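Visitor: below is the structure, and that's it, no one-letter string:
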């Protein structure tokens, strides 16, 4: 029933599932090349300004996805395209949806069979904007984060030369020294950058890195006690979840900065 673009099946809501088939489906004249044949169509009107993920997990054949904006086959603009996510035959796309916009979704593939279409929107992370940077403290630690549904903020600099959807952290140095920030346990290729400044448009870059630790990133820079620093973590390509770690070596890390001890007996506290 939804073989033709003009007869696209309507799907609604911030999340849901639709079941169908592309058996006996055809390719229309003027239809975009999605990367497969025998397409069926869906239309979805975004209810909110959020990132949306659409996938074909559970479908019975090797699927491809194409998402478009436009009202006819002749004026479609490609929004996203997906094929073989995670090495599987499922397709997946994620894009920023605008409330009220109608998106046309084509499911095609290399073969025919049952179609399962899944969709869900994702709110932006709480620290998506510079002004809402997540506060972190202590000389060392880690925090869990995600770049899923993050945005590129107006006036935001490119991090390590990459204009990507970043999340922000604000850290006040508890001591003077050299701080190191790094990503770990990430399921995507990360980028890191460190800055000083009070607004996203007036930042001074202190350090930036891409792939110092394989697909993970690490930055080191001089810090002063009591000064606040901004850290941006972003994806190089696909977004995902990660952990941000940091540490500042103790003041007596270097031989030249050995902590002085005095008296016939006593005690001193420190960290390694």
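Guide: It's in. The model shown is predicted, which means the values in this text are computed figures rather than measured ones. Residues are numbered from 1 along each chain as shown.

Visitor: residue 31: what secondary structure?
Guide: coil (DSSP: H, G, I helix; E, B strand; the rest coil).

Visitor: so who does it touch?
Guide: 5, 39, 73, 106 (C-beta atoms under 8 Å, 6 or more residues apart in numbering). Just so you know, the C-beta spots here come from the backbone N, C-alpha and C atoms, and that holds for glycine as well.

Visitor: and what of residue 41?
Guide: With C-beta under 8 Å, 6+ apart, residue 41 has these contacts: 2, 3, 4, 5, 7, 8, 9, 104, 105, 106, 107.

Visitor: ok, now residue 190?
Guide: Taking C-beta under 8 Å, 6+ apart as the test, what residue 190 contacts is 183, 210, 215, 216, 217, 233, 234, 235, 236, 242.

Visitor: look up how far residue 134 lies from the residue nearest in space to the middle of the chain.
Guide: Residue closest to the mean C-alpha point of the chain, counted by C-alpha atoms, centre = their mean, is residue 239 at 2.5 Å. Counting by C-beta to C-beta, to the nearest Å, the separation of residue 239 from residue 134 is 17 Å.

Visitor: now do residue 33
Guide: 43 Å.

Visitor: hmm, back to that, from the contacts of residue 31, which single one is nearest residue 49?
Guide: Distance to residue 49 across those (C-beta to C-beta) is lowest for residue 106, with 23.4 Å.

Visitor: which SSE is that closest one in?
Guide: Using DSSP states H and E, residue 106 maps to strand 102-110.

Visitor: ok so, going back, report the buried members of the contacts of residue 31.
Guide: 5, 39, 73, 106 (16 or more other C-beta atoms under 10 Å).

Visitor: direction included, what does the strand or helix carrying residue 209 pair against?
Guide: Element membership of residue 209, judged by DSSP H and E, is strand 204-210. Pairing partners of strand 204-210, with direction, according to DSSP bridges: strand 190-196 (antiparallel).

Visitor: before we move on, the earlier item: include pLDDT when you put the contacts of residue 31 into a markdown table, please.
Guide: As requested, the contacts of residue 31 are exported to a markdown table (pLDDT from 0 to 100):
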| residue | pLDDT |
| --- | --- |
| 5 | 96 |
| 39 | 95 |
| 73 | 93 |
| 106 | 97 |
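
Visitor: now, the residues you listed that are in strands?
Guide: 39, 106 (DSSP state E).

Visitor: distance to residue 88 added to the contacts of residue 31, as a markdown table?
Guide: Below are the contacts of residue 31 laid out as a markdown table (distance: C-beta to C-beta, whole Å):
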| residue | distance to residue 88 |
| --- | --- |
| 5 | 27 |
| 39 | 20 |
| 73 | 29 |
| 106 | 19 |
